[in-house]
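In: prediction below, plus the sequence it came from.
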Amino acid sequence: MFDNKERTNIEELGEFGLINYLTKNIKLVQKSTIKGVGDDAAVLDFGGKKTLVSTDMLLEGIHFDLAYTPLKHLGYKAIQVNLSDIYAMNGTASQVTVSIGISSKFPLEAVEELYEGIYLACDKYNVDLVGGDTSSSKQGLVISVTSIGYADEKDIVYRNGAEEGDLICVSGDLGGAYTGLQLLEREKLIYLENPNIQPDLEGKDYIIERQLKPEARRDIVDLLKEIEVKPTAMIDISDGLASELLHICKQSDKGCNLYEEKIPLDPMTFDTAREFNLDPTVCALSGGEDYELLFTVKQTDYDKIKFKMDITIIGYITEPSAGCNLVTKGGVVHALTAQGWNAFTPPAG
C-alpha cells in the first residue's frame, strides 16, 4: 500500500546511492555501537555481557499483503517482531540490521515510506540500525531483520527452565492480531468484488493495530526486573499460545494445565471472532502474531505478580507424565495441540 504520487525510479540512484539515501540521517544512541553503517561490518562492544542475536524474514504474499498493509506499518512491524525475540530472552535489544529485496514496481518513495516505519520503531525502542543489504527481487518485497541485544548471563531466560509447580503467565491479551487479520482479509475480498465499496473498519482500531502495528513487550521485561522476578522459562507468542506453551513444555521436559477461562481476551477480539463464527479461544490458542510474552515463574513469586494489570496467570507446569492439557470452561480436559502458523503451508488459492 503506497499512496505517494511522486515516483523516483531506484535505478536513478543505484544500490550505493539508495543505501546512502536511506542511511544519511541515522543517529547512533547506544554506547555499545562503536561503528554502525558505512564499513564492511558493524563494531559493537557489550563490555563483558552476553550477546543475543535473532533473525526473522518477512515475505510478500506469505507474511504480509500489501493490499491492506501500509508500508510504514510494515517497516515498524518488521522491527517489532525481531525485538520481541530479544525480550523473550529477558535481554535488552540494542541494534538491528535490515536487508530488503525489492522489485522494480517499487519507486524510491515507497522504500522511503517503509524505512520511515523502521526508523520510527528504532527510535521508540532506543535501537540503532547498524547495517543491512539491498537487492533486486523477482518474488515481491522481502524484508530480513537481524536483532542484536545483550544481557548479563545470570539474567538470560531460556525456554527449557520450567519446573513442576511453576505458574504459567502471559502478558497482554491474545487473539487480537488473528481476528484483525480476518477482518482485513474480508474487506479485501469485498473491495476486489466491488472497488466502489470502501472498507468498513470503524470501531475495530484495536484489533487492526494488533495485526498491522504490534508492539514488542520491552515494558514487561522492565517490569519483571523492577519487581525482582526472573522467569524460569520464556518465549514470545508469534505462532499462537498453544504452540509456544508446547515449546516450553517440550524443551523443559514437563507437562502443563492451561485453563481456558483464564486466557485473556479483549472484548473486541471476542466479539469479532463471534462475528466470523470463530471460537475466540481457538483464535488465542492458534492465531499467532500477538507478540506477547509467555513465561513461567516460581510459585513463591505469586504475590509479586498477582496484581500486575498486564500479566495474567493462566495455568501451571506439571510433571511430564501428566501431559499437556487444556482445561475448558466446563472442566473438560483435552490434550493441548498446536494448530498455529506453519511457514511451509502453501497459501490458500
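Out: Received it, and whenever you're ready, just let me know what you need.

In: count the residues that sit near residue 31.
Out: Using other Cβ atoms under 10 Å, residue 31 has 10 other residues around it. Placement of C-beta: from N, CA and C, glycine included.

In: same question, the one 4 residues further on
Out: Close neighbours of residue 35, defined as other Cβ under 10 Å, add up to 15.

In: how near is residue 324 to residue 333?
Out: From residue 324 across to residue 333, the span is 11 Å (Cβ to Cβ, to the nearest Å).

In: between these two, who's got more neighbours?
Out: Remark: of residue 324 and residue 333, residue 324 carries more neighbours, 23 against 11, as counted by other Cβ under 10 Å.

In: is it true that that one touches residue 256?
Out: Yes. The pair residue 324 / residue 256 is scored as a contact, 5.0 Å apart, by Cβ atoms under 8 Å.

In: now list whatever residues contact both of those two.
Out: 245, 249, 336 (Cβ atoms under 8 Å, 6 or more residues apart in numbering).

In: let's see the pLDDT reported for the second one.
Out: Going back to what we said before, that points to residue 249. With respect to pLDDT, residue 249 scores 97.

In: can you list the helices and strands that the helix or strand that it is a member of packs against?
Out: Secondary-structure assignment from DSSP states H and E places residue 249 in helix 241-252. In this structure, helix 241-252 packs against strand 233-236, strand 255-259, helix 280-286, strand 293-297, strand 324-327, with contacts taken as 3 or more Cβ pairs under 8 Å, 6 or more residues apart in numbering; DSSP states H and E.

In: and the first one, which strands flank it?
Out: Within its sheet, strand 233-236 is paired with strand 293-297 (antiparallel), according to DSSP bridges.

In: on that earlier part again, and the angle from the helix holding residue 249 to strand 293-297?
Out: 40 degrees (axes from the mean of the first three to the mean of the last three Cα atoms, to 10 degrees).

In: show me what residue 259 bridges to in the sheet.
Out: residue 327.

In: wait, it sits on residue 330?
Out: No. Residue 259 sits out of contact with residue 330 when judged by Cβ under 8 Å, with a separation of 11.6 Å.

In: where does this protein have low pLDDT?
Out: Along the chain, the model assigns pLDDT under 70 to residues 1-5, 10, 12-19, 21-23, 36-43, 340-349.

In: which residues touch the residue nearest the centre of it?
Out: In the chain, the C-alpha closest to the average C-alpha coordinate belongs to residue 81, at a distance of 3.3 Å (Cα atoms, centre = their mean). Taking Cβ under 8 Å, 6+ apart, we find residue 81 in contact with 56, 58, 145, 214, 216, 238, 291.

In: farthest pair within those?
Out: Using Cβ to Cβ, the contacts of residue 81 span at most 14.8 Å, a distance reached by 58 and 216.

In: for these two, indicate the residue with more neighbours.
Out: Each of residue 58 and residue 216 has its neighbours counted (other Cβ under 10 Å); residue 216 has more, 27 against 18.
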